[in-house]
Every structure is written in C-alpha cells, then in structure tokens.
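>>> below is the structure, and that's it, no one-letter string:
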C-alpha cells in the first residue's frame, strides 16, 4: 500500500473557544445547513464549485519550493486537467472516483482547527494530508478490506505515516461508521502537535506528526490541506477551518500534561532565584532583562534531568538564553552544560551567524531548526527536556532540536561544562528586554 492515506472528512463546529476544549470525547454540533460554516470558521468548499482548490499528487514540498514559478505553473496546469476527469461536485458534496491528483487548498495554514464530513466505500484507502504531509488515515476497517496486517483493524484517524510505535500512529479507539454513512472528522494542529476526533471520539491526542519527507526535521511551518485519492470512491462536504491565534495555539499546547508542573516564578518576587536579579525587572507578572543589563539569574535549586516549560517574548533583535545545568557563576555557554539560545533569529543583524547560534540551538554545539518563531513581539511557547546528555527543544509545537551533546565533535567555542550532570536552571540576559512568563519545571527520573 503506497503511502496509505486517509481521506477524511471534517465537519462542522462546536462554538467554543479552543482554550476550553478538552481532550475528552466531544459532542460536535452539526451545521444548520450543509457547507455553511459555524461562527468563527470559514468554508473551504462552497457546496457548488472547486474554487480555492487545485490538483497536486504526493509531492515533496522541498522539491516543490525549489522549482521555478514556470515549472510549478506547468505542473499545476497538467494536474488540474486530471482534476476535471476525477473530481466532481454532486448534490453539495465533492466526489472523487478514487483516482487523479489530490485536491489541494490554494491557501497554506499554520495552526488551525479543521472539520470535514466524508463518506466512503468498502476497500477504500484514503486520507488527509496536513501541510502537504501524509497523513490522517481513512480506510476500510473491516477484515474484508484486507489490511488488518498493517493496522486497518484499529480504524481510521491515525497518523499512519508516523514511525512504528510512535504516539498517534494508531487511533486510540475504533470510531468508523458503517459504509454509506457520513463520518465527521475534526483535526486540530498546532505546529506538529495534532489531535483528531472521529465521530466525536478522540482518536489522536496531541501527538507529534512526523515529517514524512525528512524525519530529522519538524514539519514545515505552513502548508496546504490535501484530500487524497487512493483507489476507492470518497465524498466530502462541510469542510470548515478556523485559523488559530497564537494565544489559542498556546492554550492547546499547554493543555497537554507534561513533567513541568512546579512554578519557578510567582510573578511578583525573586523568591527561589539567585544571581544578579538587580539587572532584571518584574513587570506585569513577567521577568524582563533591563536594557543594557544582563548576566545569568538562576534557580536556587539544582536539577539533573528535568523539563522546563515557559513563554517568552522577543523585541526586535532580542537576545537572551536559557542556562542549562549552570554552576552558579561564569558564562553558561562555556561553563554550564550549555546555553540554549533565545534569539530573534530572522533579524537582519543576525544574518551572518553560525547555524549553532540561532534560536533554540545549544550554543556553539548543536543547531536548531529555524522558521518556527512567531512574529517578533508575539509570545512564544517552548518546552525543553534535559535527560543525561540529551536535549530536546519544542517551540510552538515543533521539535526544533533533538540531539545528544556527547555526540558533538565540532565546537564553535571552547566549552568546559558540556558534561555537567547537575546544575541550576537560569536566564542568561544579553542587554535586551526579552520577557519571560509562566515558567514551570519538573524533575525527571533518569
């Protein structure tokens, strides 16, 4: 089975703020009329035409980006000719005969809540690509479908192209309806973190959707939604999307239980902190490095293996850092286990930096992936996990660094603390008014 996709169909919407949505089973209110979106949502299908969509098959988005405008236009023209042969609109539903390129939104999406209704047939095998990445699975869940050996017995809705054993690959419950009935899919995706509900039942709970095209990297920050064709007729209707604000996206991420449960900062005092706190201000419940000041402030307690979660806000060109296993004096980039960069990476003045100096990087040792910060001045949400010599950084739902310092052999700077097994957690100010809030930490057993 070639990429075993899922074709799904998302549907209508509950009128509720995303931050209040829990990962329990949901009861989803149907729209009053087909293809009419609920408040706050936009219809991607008007019930009559395929306006806003074009044809694109299983296509590597990195190769696509490398093509010229002319090359892309030529391919799209050919694919759209095939769309006309295999995709139709009948009685307010999009119908695909099981062949042809995938129906692809002209618009790209970053963080969003998506609803679709779908109806398929026996032997079907389809799916939904998110940000051009396969896929939320839709298929024949019966034994007669012949794919129980690759997971079809568990039902639709899983992130089928995740690695074997990875969270989200298999749906949590079997929630498919019988053939001939409409199924309702809801997908919420923030960065790589993906939740899927099928017929009001939670089948994927904030799992990381792996990048099919390059598993060493996070998914692309933005991309289209694609309805896959895979050999059996499938119909879609009620395709609605709500693009999430950064605040809604962060609320979704913070709903997931993590090891970081202990408050590090009470929002009003330096209780539990040491170091040059006079170089920082406490403003409206946030820690702010004073302009032109700096130095490393740090927790009174020391930690070995731990997870920290926090929000930060960068001013234009802002520079700061997270001190990891800091000894209490000196420059953490040299004498601590490392400094994890907090940086306005795309500011023009940083264009010539070493890759290991951009945001999220273990300074001078391991480079983080770029392109996942929110717009300068917006609040970002980040989780850092430190276990032994391993570091994992998740920014706004995207895993931008996942590496082991013991494997580093090429150093930009001379370090002495890389192998530290314990130390303080801190903030390494570098003269810019970078803000931090909602800092939490939790110890992890080795």
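Looks like it arrived, so ask away. These figures come from a predicted structure and were not determined experimentally.
>>> low-scoring stretches of the protein, by residue?
Within the chain, the stretches with pLDDT under 70 are 1-32.
>>> longest helix of it?
Longest helix in the chain by number of residues (criterion: DSSP state H): helix 69-86.
>>> once you drop chain neighbours, what's closest to residue 209?
Nearest non-adjacent residue to residue 209, counting by CB to CB, 6 or more residues apart in numbering: residue 194, 4.5 Å away. Placement of C-beta: from N, CA and C, glycine included.
>>> show me what the longest helix of the chain is packed against.
Judged by 3 or more CB pairs under 8 Å, 6 or more residues apart in numbering; DSSP states H and E, helix 69-86 is in contact with strand 53-56.
>>> for the strand it packs on, the distance to its chain's centre please.
From the chain centre to the centre of strand 53-56 is a distance of 24 Å (CA atoms, centre = their mean, to the nearest Å).
>>> after it, next one along is what?
On the C-terminal side of strand 53-56, the closest following helix or strand by DSSP states H and E is helix 61-66.
>>> list the contacts of that next one.
Residues outside helix 61-66 that contact it (CB atoms under 8 Å, 6 or more residues apart in numbering): 72, 131-133, 213-214, 220, 223.
>>> can you point out the buried residues in it?
Using 16 or more other CB atoms under 10 Å as the test for burial, helix 61-66 gives residue 61.
>>> next: stretch 94-114.
In stretch 94-114, counting by 16+ other CB under 10 Å, buried: 94-96, 98, 100-105, 109-114.
>>> how close does the nearest residue to residue 90 once chain neighbours are set aside sit to residue 141?
Spatial nearest neighbour of residue 90, chain neighbours left out: residue 235 (7.9 Å); criterion: CB to CB, 6+ apart. Distance from residue 235 to residue 141, counting by CB to CB, to the nearest Å: 18 Å.
>>> same question, residue 90
Using CB to CB, residue 90 is found at 25 Å from residue 141.
>>> so these two - more neighbours on which side?
Between residue 90 and residue 141, counted using other CB atoms under 10 Å, residue 141 has the larger neighbour count: 23 against 8.
>>> the more buried one reaches residue 151, doesn't it?
No. Counting by CB atoms under 8 Å, residue 141 does not reach residue 151; the two are 9.6 Å apart.
>>> hang on, the residue nearest to residue 209 in a helix?
No. Applying DSSP: H, G, I helix; E, B strand; the rest coil, one finds residue 194 to be strand, outside a helix.
>>> who's it bridged to?
Taking DSSP bridges as the rule, residue 194 bridges to residue 189, residue 207.
>>> quick check: it touching residue 206?
Yes. In this structure, residue 194 is within contact of residue 206 by CB under 8 Å, at 7.1 Å.
>>> tally of neighbours for the closest residue in space to residue 106 that isn't next to it in sequence?
Computed as CB to CB, 6+ apart, the closest residue to residue 106 that is not its neighbour in sequence is residue 52, at 5.5 Å. Residue crowding around residue 52 was assessed by other CB under 10 Å; the count is 16.
>>> again with residue 283
The number of residues packed near residue 283 is 11, by other CB under 10 Å.
>>> what's the spacing between it and residue 433?
For residue 283, the distance to residue 433 - CB to CB - is 9 Å.
>>> any idea which residue sits dead centre in the protein?
The centroid of the chain falls nearest to residue 191 when counting by CA atoms, centre = their mean (1.8 Å).
>>> separation between it and residue 256?
12 Å.
>>> got it, and residue 208?
Distance, residue 208 to residue 256, by CB to CB: 11 Å.
>>> between these two, who's got more neighbours?
residue 208 (20 against 14).
>>> for that one, what are its contacts?
Counting by CB under 8 Å, 6+ apart, residue 208 touches 162, 166-168, 192-194, 399.
>>> same thing but 10 Å
Counting by CB atoms under 10 Å, 6 or more residues apart in numbering, residue 208 touches 159, 162, 166-168, 191-194, 218-219, 394, 397-399.
>>> same deal with residue 334?
363-364, 413-418.
>>> in CSV, list these along with distance to residue 40 and neighbour count.
Shown next, in CSV, are the contacts of residue 334 (distance: CB to CB, whole Å; neighbours: other CB atoms under 10 Å):
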residue, distance to residue 40, neighbour count
363, 41, 26
364, 45, 22
413, 49, 13
414, 54, 7
415, 49, 21
416, 53, 11
417, 49, 20
418, 48, 19
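>>> just those residues now: which is nearest residue 437?
residue 363 (22.9 Å; CB to CB).
>>> overlap in contacts, residue 191 and residue 256.
Here residue 191 and residue 256 have residue 397 as joint contacts, going by CB under 10 Å, 6+ apart.
>>> for the stretch 301-446 of the chain, what spans make up the helices?
Listed in chain order, the helices of the stretch 301-446 of the chain (DSSP state H, counting those that start in this stretch) span 332-335.
>>> kindly report the same for the stretch 101-250 of the chain.
For the stretch 101-250 of the chain, the helices defined by DSSP H, counting those that start in this stretch cover 246-254.
>>> this completes my enquiry, with thanks.
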